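**Q** sequence unknown, structure follows:
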């Protein structure tokens, strides 16, 4: 299985990247050997109304993001909570990649969401991400699924160092592993039955 984790914060060395790297280590320990991390620290997708993303004229970051997303069976977004919602970069990426040229990014995938917080937040960006990606799947008549289990990464910097190494409370490690295990199980079940071919 190919897995892409997208750290959806534009900040360098963000808490979202810490969580993405930690989640990658958990998945690797679980036997997954094709796990990629894409970091929004290099984000350069033009905002809606100021430009577009063209498949034949991609920047290095856009190519990295789209290639990793295309290749993935499972796409996991780690989204920081900014003022009780997602980041504008995450929302804009979904808007810009939601057209006909990139419709395939929402087909034959499993998506999962984790909200990341320096405090006790994280639920709302994960819920908002779930809502908009579900809508994109439906609107584009694609065959994908969004995993129902969310993860809320609380007090991220207290639990993970800059390289995503765990040094925090055992509850954090236990719940993060439970999220990873559940998400993998959903992706494996989805992969076992190709609904597009069965239709």
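**A** Nice, I can see it. Since the structure is predicted, the reported quantities are computational estimates derived from the model, not experimental observations.
**Q** ranges for the helices of this structure?
**A** Remark: helices assigned in the chain by DSSP state H are 15-29, 60-71, 88-96, 123-139, 156-159, 170-192, 195-198.
**Q** closest one to residue 36 among these?
**A** Smallest distance to residue 36 across the helices of the chain (CB to CB): 4.8 Å, for helix 60-71. Every residue, glycine included, has its C-beta placed from N, CA and C.
**Q** before we move on, the earlier item: single out the most deeply packed of the helices of the chain.
**A** Compared across the helices of the chain, helix 15-29 shows the largest average neighbour count, a mean of 23 (mean count of other CB atoms under 10 Å).
**Q** show me what it is packed against.
**A** Counting contacts by 3 or more CB pairs under 8 Å, 6 or more residues apart in numbering; DSSP states H and E, helix 15-29 packs against strand 3-7, strand 35-39, strand 74-80, strand 110-116, helix 156-159, helix 170-192.
**Q** mind putting these into a markdown table with distance to residue 123?
**A** What follows is those, written out as a markdown table (distance: least, CB to CB, whole Å):
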| stretch | distance to residue 123 |
| --- | --- |
| strand 3-7 | 18 |
| strand 35-39 | 23 |
| strand 74-80 | 11 |
| strand 110-116 | 6 |
| helix 156-159 | 14 |
| helix 170-192 | 13 |
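**Q** residue 93 is nearest to which of the ones you listed?
**A** It is, among those and with distance given as CB to CB, strand 3-7, at 8.6 Å.
**Q** contacts for the closest one?
**A** Defining contact as CB atoms under 8 Å, 6 or more residues apart in numbering, one finds that strand 3-7 is touched by 14, 16-17, 19-20, 23-24, 27, 32, 34-41, 65, 68-69, 71-78, 187.
**Q** in TSV: the helices of the chain, plus distance to residue 106.
**A** Formatted as TSV, the helices of the chain follow (distance: least, CB to CB, whole Å):
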stretch	distance to residue 106
helix 15-29	21
helix 60-71	9
helix 88-96	9
helix 123-139	5
helix 156-159	28
helix 170-192	14
helix 195-198	13
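**Q** do you know which of those lies nearest residue 48?
**A** For those, proximity to residue 48 was assessed by CB to CB; helix 88-96 is nearest, at 5.0 Å.
**Q** ok, now which ones touch residue 64?
**A** Residue 64 makes contact with 38, 42 under the criterion CB under 8 Å, 6+ apart.
**Q** any idea how far it is from residue 37?
**A** Going from residue 64 to residue 37 by CB to CB, to the nearest Å gives 10 Å.
**Q** nearest residue to residue 156 in space, please, no chain neighbours.
**A** Spatial nearest neighbour of residue 156, chain neighbours left out: residue 15 (4.0 Å); criterion: CB to CB, 6 or more residues apart in numbering.
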